[in-house]
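**Q** starting from these lines, generate the structure:
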Amino acid sequence: MIPQRTVRRAIPCAGIGLHSGSRVTLTLRPAPANHGIRFKRTDLRGLEIPATVANVATMHYATGLARDEGSVDTVEHLLAALVSQGIDNVSVELNTPEVPIMDGSAAPFVYLIHEAGLKSFGAPRKYLKALRPISLSRGDKQIVLYPADDFRVSYSISFDHPLLRHQARSIQVTAESFAEDIAPARTFGFLKEVEMLRQRGLALGGSLDNAVVLGETGVLNNTLRFADEFVRHKILDVIGDLALVGYPIIGHVVAQRGGHALHTAFATKILAERDAWCLVEASAASPADSPKAQPSAIGLPVTVKANA
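**A** Numbering: from 1, shown residues only. Below you'll find the predicted structure:
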């Protein structure tokens, strides 16, 4: 079997909230088997907010969760790093209601996970395996989950901008491919929208150090990390948002012109269509406690469990 995992030791980081502009201290702490990923607000007497679709609260410009009197925003980059690196259980402690944006990508969080190391449990990891297509459309936006033998994401975007008229990319998502090809892709925005966002109390912590900013004809701050960095970041976002289904996915996600609202609504729809998937346990020969050694689901024999 492939075992559930957590981080081997607690590890902290600090940064700025993209939308709040507040200083944030965040710590990843080990958690027991079947704990899942939970955010813990240390400034609210340890209130926990599980990373599930039931707690989705905001979906515009970032994904936010809320429970009782507490909330946590901009969770998608950290969630993408955690699930892609094989973390099933972790307590994410933070002292403000927003995950730090770091450099605008998931790469700092992947580095943090690698520094903490991984610890395996005896409990098996369960995967959500697609049995038939599930789709959701909103105008010209669409997302579909197709049956497959691995986890793959294909994404296409189109904008009315010289650099973004059309970009598309498809990738088999493993710990290594995510760390190398997707995690470094930064969030992006348009200069003409910045003032509008700030008037609405958003992007207060945004800067040229933590986002790719597009002017009328090109990138303002620096060179791109990838020629198609924009669509790679969309892949990062959808991986993080779909982590809210609560299980790693075996299937092929195909998205066109999506965003956080579409991604999170789709996570809810996946769980609602109970005949379209099953839970499986994938088998592998003694995987090592290293993110890069984490096997993908491709080609692994599976044991079907009843939907739960």
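**Q** please state the backbone phi and psi of Ile249?
**A** phi -100, psi 140 (degrees, to the nearest 10).
**Q** next, the contact list for it, please.
**A** If you count contacts by C-beta atoms under 8 Å, 6 or more residues apart in numbering, Ile249 has them with 127-130, 145, 151, 242. Any C-beta I mention is one placed from the backbone N, CA and C, and that applies to glycine too.
**Q** starting at the chain centroid, how far to stretch 77-84?
**A** 4 Å (C-alpha atoms, centre = their mean, to the nearest Å).
**Q** who's in contact with it?
**A** Against stretch 77-84 from outside (C-beta under 8 Å, 6+ apart): 26, 37, 51, 90, 92, 99, 101-102, 105-106, 109-110, 112-113, 173-175, 178-179, 182-183, 187, 236-237, 239-241, 243-244, 248.
**Q** now with 7 Å?
**A** Residues outside stretch 77-84 that contact it (C-beta atoms under 7 Å, 6 or more residues apart in numbering): 37, 51, 90, 92, 99, 105-106, 109-110, 113, 173, 175, 178, 183, 236, 239-240, 243, 248.
**Q** checking my notes, Ile87 in a strand, right?
**A** No. Looking at Ile87 with DSSP: H, G, I helix; E, B strand; the rest coil, it is coil, so not inside a strand.
**Q** I'd say it and Pro3 touch.
**A** No. Contact criterion C-beta atoms under 7 Å: Ile87 and Pro3 do not qualify, at 12.0 Å.
**Q** between these two, which is the more surrounded one?
**A** Between Ile87 and Pro3, Ile87 has the larger neighbour count (other C-beta atoms under 10 Å), namely 24 against 19.
**Q** so of the contacts of stretch 77-84, which ones are in helices?
**A** 109-110, 113, 175, 236, 239-240 (DSSP state H).
**Q** of these - the most surrounded one?
**A** Greatest neighbour count in the ones in helices among the contacts of stretch 77-84, by other C-beta under 10 Å, goes to Leu236: 29 neighbours.
**Q** residue contacts, that residue?
**A** Neighbouring residues of Leu236 by C-beta under 7 Å, 6+ apart: 77, 80, 106, 182-183, 185.
**Q** please apply the same query to Leu136.
**A** 143, 262, 265-266, 269.
**Q** go ahead and confirm Ala276 touches Ser135.
**A** No. Taking C-beta under 7 Å as the definition, Ala276 is not a contact partner of Ser135, at 10.1 Å.
**Q** how is the protein divided into domains?
**A** The chain breaks down by automatic domain parsing into domains covering 3-122, 126-305.
**Q** okay, the residue lying closest to Arg186 once chain neighbours are set aside: pLDDT?
**A** The spatial neighbour of Arg186 that comes closest, neighbours along the chain excluded (C-beta to C-beta, 6 or more residues apart in numbering), is Gly104 at 3.7 Å. As predicted, Gly104 sits at a pLDDT of 94.
**Q** kindly report the same for Ala148.
**A** The model reports Ala148 with a pLDDT of 98.
**Q** do you know how far it is from Lys269?
**A** According to C-beta to C-beta, to the nearest Å, Ala148 and Lys269 sit 18 Å apart.
**Q** okay, now the unreliable bits of the stretch 1-150 of the chain?
**A** For the stretch 1-150 of the chain, no stretch is flagged by pLDDT under 70.
**Q** quick one: the strands in it?
**A** Ranges of strands in the stretch 1-150 of the chain, per DSSP state E, counting those that start in this stretch, are 3-7, 11-16, 23-30, 37-41, 47-50, 56-58, 64-67, 70-72, 90-94, 118-124, 126-130, 134-138, 141-146.
**Q** tell me the phi and psi of Pro248?
**A** Dihedral angles (degrees, to the nearest 10) for Pro248: phi -60, psi 150.
**Q** got it, and Trp277?
**A** Torsion angles, degrees, to the nearest 10, at Trp277: phi -150, psi 170.
**Q** now the one 3 residues further on
**A** Backbone geometry at Val280, expressed as degrees, to the nearest 10, gives phi -130, psi 160.
**Q** swap in Phe266?
**A** Phi and psi for Phe266, reported as degrees, to the nearest 10, are phi -70, psi -40.
**Q** my read: it touches Lys141, true?
**A** No. In this structure, Phe266 is not within contact of Lys141 by C-beta under 7 Å, at 10.1 Å.
**Q** of the two, who's got more company?
**A** Phe266 (27 against 14).
**Q** give the contact list for that one.
**A** When contacts are counted by C-beta under 7 Å, 6+ apart, Phe266 touches 136, 143.
**Q** would you mind measuring from it to Arg257?
**A** 13 Å.
**Q** count the residues that sit near the closest residue to Ile113 other than its chain neighbours.
**A** Setting aside the residues directly before and after it, Ile113 is nearest to Gln85 in space (C-beta to C-beta, 6+ apart), at 4.8 Å. Residues near Gln85, counting by other C-beta under 10 Å, number 27.
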